[in-house]
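**Student:** Okay, sequence plus prediction incoming.
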Amino acid sequence: MSSMRIFDVAGSGMNAQNLRLNLVASNISNANSVSSSVDQVYKARQPVFAAELKNIMDKNNAVSGVDVLGVVENQAPPVMEYAPNHPMADELGYIYKPNVNTVEEMANMMSASRSYQNNVDVLNTAKNLMLQTLKMGQ
């Protein structure tokens, strides 16, 4: 594997964690939104990742990274709250809140942030090793 491929692998990990952080931010920002129907309520979203192996059979060009397969919505039912005086209440007096678990989202945020930082550390280490290798010839 070429030493320059390290940047591709770490970069794909950083892109994946960036998407994860954006989805966490979206989920947290919509956690307290209210809707008058089940169909219109915000649903928590999560990314789907897969390890991407390219040309693994070719030993000279084995590169793995992170592939973003897509974003899925949480299928858990929304939280129904009886609030007959709320302006967005339906005809039965219920309002609907998103199925966002803020504690789980905060844990996802910390995990994604640490994973992103780990990829940054990989890039910095690879850069420093390459610079040290270049200095050996002086």
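**Tutor:** Here it is on my side, so go on.
**Student:** beta partners of residue 73?
**Tutor:** Counting by DSSP bridges, residue 73 is bridged to residue 45.
**Student:** Do I have it right that it meets residue 41?
**Tutor:** No - in this structure residue 73 lies outside contact range of residue 41 using Cβ atoms under 8 Å: 10.9 Å. From N, CA and C alone the C-beta is placed, and that goes for glycine too.
**Student:** if you count what's nearby, which of the two comes out ahead?
**Tutor:** Shown here are residue 73 and residue 41; by other Cβ atoms under 10 Å, residue 41 has more neighbours (20 against 11).
**Student:** thinking that one is in contact with residue 96, fair?
**Tutor:** Yes - when contacts are counted by Cβ under 8 Å, residue 41 is listed as touching residue 96 (4.3 Å).
**Student:** residues shared between the contacts of these two?
**Tutor:** 35, 78 (Cβ atoms under 8 Å, 6 or more residues apart in numbering).
**Student:** Check which helices and strands the lengthiest helix in the chain is in contact with.
**Tutor:** Of all the segments of type helix in the chain, defined by DSSP state H, the longest one is helix 102-135. For helix 102-135, the packing partners by 3 or more Cβ pairs under 8 Å, 6 or more residues apart in numbering; DSSP states H and E come out as helix 5-29.
**Student:** how about the helix it packs on: buried residues?
**Tutor:** 5-6, 9-10, 12-17, 19-21, 23-24, 26-28 (16 or more other Cβ atoms under 10 Å).
**Student:** Report the angle between it and helix 102-135.
**Tutor:** Relative orientation of helix 5-29 versus helix 102-135 (axes from the mean of the first three to the mean of the last three Cα atoms, to 10 degrees): 160 degrees.
**Student:** Which parts of the lowest-mean-pLDDT helix or strand in the chain count as buried, going by neighbours?
**Tutor:** Lowest on mean pLDDT, DSSP states H and E among the helices and strands of the chain sits strand 45-54, with a mean of 82. For strand 45-54, the neighbour count (16+ other Cβ under 10 Å) marks 45-47, 49 as buried.
**Student:** One more: stretch 97-105?
**Tutor:** Quick answer for stretch 97-105 (16+ other Cβ under 10 Å): 97-100, 105.
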